[in-house]
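Student: show me how the following folds:
(one chain, ligands or ions: 1)
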Amino acid sequence: MKKFIIAILLLISIFFIFPKTGLYGLLFDWDRYEPVDENSTETISDLNQLSPKTKKLAEKFLEKCAENNLAVEITETYRTQARQNMLYEQGRSTPGPIVTWTKTSKHTKRRAFDIVKANTSNPYGDEEFFKKCADIGEEIGLTSGYYFERYQDMPHFEYNPWWN
Ligand SMILES: [Zn+2]
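Tutor: As a prediction, the model looks like this:
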């Protein structure tokens with residue numbers, strides 16, 4: 001019995017305390033990331049700042065879009081909470097149009113990215129383009145902001161794991 005308890009404790013410590021990568025990372029989509037300035041409000045478009053699963057889906061998404069001759073460019077991936085807060089204040093306490101409805105974004109959890117149409121003077125103008133991209137996203141397991149019921153967010157894609 002004692003041995004059994006020790007084995008369980010050992011397993012728990014290996015699983016939860018030690019490597020935040022490995023099995024834990026695989027199950028809970030967790031990884032270590034290149035540190036960024038969390039106080040910065042700059043846009044980050046590096047795919048390596050996404051959670052492992054989201055990054056894989058983003059790569060698959062880009063591949064499929066290319067196959068379908070959709071010129072997609074990823075404009076934003078991980079978003080610091082500082083940037084999210086700044087975006088939230090835009091149109092509320094600071095000038096500019098309202099661009100977000102929430103302070104808790106999937107971007108801050110590394111599970112969302114935004115796209116634009118590349119090689120065009122009007123990157124948000126082609127709704128058909130965003131619909132096609134949204135359908136590809138849904139097909140591979142992403143949630144597409146194009147289909148958000150309350151506030152449509154055409155350029156937005158996110159990954160919603162089963163446990164969150
Ligand atoms: Zn977004």
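Student: drop to CA atoms for contacts and neighbour counts, all remaining ones
Tutor: Fine.
Student: and the helices in this structure?
Tutor: 2-12, 22-28, 52-67, 81-89, 127-140 (DSSP state H).
Student: what sits up against the fourth one?
Tutor: Surrounding helix 81-89, the residues in contact under the criterion C-alpha atoms under 8 Å, 6 or more residues apart in numbering are 38-43, 98-105, 108.
Student: select from those every entry located in strands.
Tutor: Among these, none falls in strands (DSSP state E).
Student: redo the helices of the chain as CSV? Include mean pLDDT.
Tutor: Compiled in CSV, these are given as follows (pLDDT from 0 to 100):
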stretch, mean pLDDT
helix 2-12, 88
helix 22-28, 76
helix 52-67, 97
helix 81-89, 96
helix 127-140, 98
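Student: show me what the residue in the chain positioned nearest to the ion is bridged to.
Tutor: Distances between the chain and the ion by C-alpha to the ion are smallest at His156, namely 4.0 Å. Beta bridges link His156 to Asp114 when assigned by DSSP bridges.
Student: for Lys103, see how far away it is.
Tutor: Counting by C-alpha to C-alpha, to the nearest Å, the gap from His156 to Lys103 is 16 Å.
Student: quick one on the thing from earlier: and the contacts of helix 81-89, which two are furthest apart?
Tutor: The most widely separated members of those, counting by C-alpha to C-alpha, are Glu38 and Ile98 (22.6 Å).
Student: which one is the residue nearest the centre of the chain nearest to, not counting chain neighbours?
Tutor: Nearest to the mean C-alpha position of the chain, by C-alpha atoms, centre = their mean, lies Ala112 at 1.7 Å. Counting by C-alpha to C-alpha, 6 or more residues apart in numbering, Ala112 lies nearest to Glu158, which is 4.0 Å off, once chain neighbours are set aside.
Student: then Asn48?
Tutor: Leaving aside its sequence neighbours, Asn48 sits nearest to Lys55 (C-alpha to C-alpha, 6+ apart; 6.9 Å).
Student: same check on Thr100?
Tutor: Closest residue to Thr100 apart from its sequence neighbours, by C-alpha to C-alpha, 6+ apart: Tyr88 at 5.7 Å.
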